[in-house]
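> Next input, structure requested:
(2 chains)
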Amino acid sequence: DVKVTQSSRYLVKRTGEKVFLECVQDMDHENMFWYRQDPGLGLRLIYFSYDVKMKEKGDIPEGYSVSREKKERFSLILESASTNQTSMYLCATWSGGPYNEQFFGPGTRLTVL
Amino acid sequence: AQKITQTQPGMFVQEKEAVTLDCTYDTSDQSYGLFWYKQPSSGEMIFLIYQGSYDEQNATEGRYSLNFQKARKSANLVISASQLGDSAMYFCAMRPVWDNQGGKLIFGQGTELSVKP
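Residues are numbered from 1 along each chain as shown, chains lettered A, B, ... in the order given. Next up, the predicted model:
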């Protein structure tokens, strides 16, 4: 079974802090994704990575950056957290193949005060 | 632009009854996949069912089936014999088969289903 873990389930940070959200997968998947989930908006893609050290912007990359130094680990970084980044953050992996589903981590609920 | 629309923010269903969750999509691609996910209050996204655009038969997985109407661009999820554990948020999502976005999924807004005993 694919296992995707995220470093925290709940996180509270202050405005201006640098925040790291970490995602680790154990199934050797090439592709990893960071989504943000907000009520009424569904999930929106922030960044994705299709290989180590490779990253691409998604639909809402502003205010975020990512790092993928190892295949199994994909980190989302909020350089200077703001209150409008209070949200649920979900990491996902994908083995490739258009008919295959993405596997999601348990999510991190981030509150920025 | 590709888009998924779920017009039902919330729905109620009586336990043991069937329920249909609506999903319409907009795409100019000929080849695409449609996915449904369940998100319980715990937050994790659970994959339920997949339908390919060229599949002639509607997909089924246990109590879940997908009512796929390609001409209408709809991919409604049908849950038969609802159970209390089906109470959750449900998301419809789409992926073009040939895309340059690394396989990203495009999600709808979600439908919150509540199953009443």
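> so how far is A:Gln37 from A:Met88?
A:Met88 sits 4 Å away from A:Gln37, going by C-beta to C-beta, to the nearest Å. C-beta here means a position set from N, CA and C on the backbone, and glycine is covered the same way.
> neighbour count winner among these two?
When A:Met88 and A:Gln37 are compared for neighbours, A:Gln37 comes out ahead with 21 against 16, by other C-beta atoms under 10 Å in any protein chain shown.
> intersection of neighbour lists for A:Met88 and A:Gln37?
Counting by C-beta atoms under 8 Å, 6 or more residues apart in numbering or on different chains, the common neighbours of A:Met88 and A:Gln37 are A:Gly107.
> Not counting stretch A:56-74 itself, show me its contacts.
So stretch A:56-74 is contacted by A:22-26, A:28, A:30, A:32-34, A:36, A:44-55, A:75-80, A:82, A:85, A:91, B:101-102, B:104 (C-beta under 8 Å, 6+ apart).
> okay, which residue is most central for chain A?
Centroid-nearest residue in chain A: A:Trp34, 2.8 Å away (criterion: C-alpha atoms, centre = their mean).
> Quick check, that residue in contact with A:Ile46.
Yes: using C-beta atoms under 8 Å as the test, A:Trp34 is close enough to A:Ile46 to be in contact (4.5 Å).
> Can you work out which residues contact both of those two?
Listed contacts common to A:Trp34 and A:Ile46 are A:Gly58, A:Tyr64, A:Val66, A:Leu76, A:Tyr89; contacts here mean C-beta under 8 Å, 6+ apart.
> Tell me how many other residues surround the last one.
Neighbouring residues of A:Tyr89 were enumerated by other C-beta under 10 Å; the total is 25.
> Wait, a helix at it?
No: using DSSP: H, G, I helix; E, B strand; the rest coil, the assignment for A:Tyr89 is strand, not a helix.
> Quick check: closest non-adjacent residue to it.
A:Thr108 (4.8 Å; C-beta to C-beta, 6 or more residues apart in numbering or on different chains).
> does the helix or strand where B:Cys92 lies come close to chain A?
Taking DSSP states H and E as the definition, B:Cys92 sits inside strand B:88-96. Yes: interface with chain A: strand B:88-96 contributes B:Phe91, B:Ala93, B:Arg95, B:Pro96 (C-beta under 8 Å from any C-beta of the partner chain).
> where in chain B is pLDDT low?
Residue ranges of chain B with pLDDT under 70: B:99-102.
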